[in-house]
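Quick one: sequence and predicted model below, then my questions.
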Amino acid sequence: MTKKSLYLILIILVSQSCQTVKNNGVFTIYLVRHSEKDVSFNNSADPPLTHCGEQRSKSISNFFKDVPIEAIYSTSYTRTKNTAFPTAKSKSLEIQEYDGETLIDFSKLLRKCKQDALVVGHSNTTGVLAGLLVGEEIGEFDLGIYDRIYQVVLRKKRGRLHLLHTSFSCNSE
């Protein structure tokens, strides 16, 4: 065998092992609550983000800059979509909607898809969904909390939850 042939075989083997590692069933789902909403807005059911909320959404996108994300999910609300938008834009991904009322079904879908994903939700859904993914009971959290990122690493039927806190501070205009 020539040196060139051995090199080609080595490249093929390394390539296959990388695919095996990628497909070994390990994937990560990140869950965040939407950024700060404008409670003074006329439509209190679906308010937009505040200036600080827009900045936080860009900060979240920065956090995920070098993190592999294959899918982005958001509820149908303006504030969740606008929180997801900077990350979706930077990753060239479409935001897929999910129903926050059907978290059990959605958690099963996320497990079935086996994709590295970002899920943007609410204070009453984000922790609950993280808990469903790892088989633990995690409840809602306080309305004033915006700095949590739930990282759920899944492999086969097992999941591990990591709670991360961002260090964002708003530059008010």
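Cool, got the structure.

contacting residues for the most centrally placed residue in the chain?
Centroid check for the chain by CA atoms, centre = their mean gives L118 as the closest residue, at 1.7 Å. Going by CB atoms under 8 Å, 6 or more residues apart in numbering, L118 touches I29, Y30, L31, V32, F64, I69, A71, I72, Y73, A84, T87. Where C-beta positions appear, they are placed from N, C-alpha and C, glycine not excepted.

ok, so what distance separates the residue nearest to S59 when sequence neighbours are not counted from V128?
Of all residues not flanking S59 in the chain, F168 sits nearest, at 4.6 Å (CB to CB, 6 or more residues apart in numbering). To V128, F168 is 23 Å away according to CB to CB, to the nearest Å.

and what of S107?
For S107, the distance to V128 equals 9 Å [CB to CB].

so which strand or helix has I149?
Per DSSP states H and E, I149 falls inside strand 148-155.

which residues touch the helix or strand following that strand?
Moving toward the C-terminus from strand 148-155, the next helix or strand (DSSP H and E) is strand 158-165. Residues outside strand 158-165 that contact it (CB under 8 Å, 6+ apart) are 130-131, 133-136, 138, 147-154.

cool, stretch 84-95 as well?
Under CB under 8 Å, 6+ apart, the answer for stretch 84-95 is 57-58, 60-61, 64-65, 69-74, 81, 118, 120.

Relative to R111, which of the contacts of L118 is nearest.
I29 (8.8 Å; CB to CB).

pretty sure C52 contacts K37?
No. C52 is beyond contact range of K37, at 10.2 Å (criterion: CB atoms under 8 Å).

Same drill for these two, tell me which one is more crowded.
Set side by side, C52 and K37 show more neighbours around K37, with 23 against 18, by other CB atoms under 10 Å.

and the more buried one, how far is that from T126?
For K37 relative to T126 (CB to CB), the value is 14 Å.

what stretches of this protein score poorly on pLDDT?
For the chain, the stretches flagged by pLDDT under 70 are 1-23, 43, 173.

repeat that with 90
1-25, 39-46, 139-144, 156-157, 167-173 (pLDDT under 90).

just the strands in it please.
Using DSSP state E, the strands of the chain run over 26-33, 71-74, 95-97, 117-121, 148-155, 158-165.

Can you list the strands that the fourth one pairs with?
For strand 117-121, sheet partners with direction are given as strand 26-33 (parallel), strand 71-74 (parallel), following DSSP bridges.

next one: the shortest one
Looking at strand 95-97 with DSSP bridges, its paired strands and their directions are strand 71-74 (parallel).

what sits against L31?
Contacts of L31 by CB under 8 Å, 6+ apart are L118, V119, V120, G121, T126, L129, A130, I149, Y150, V152.

surely V152 meets L133?
Yes. V152 is within contact range of L133, at 4.7 Å (criterion: CB under 8 Å).
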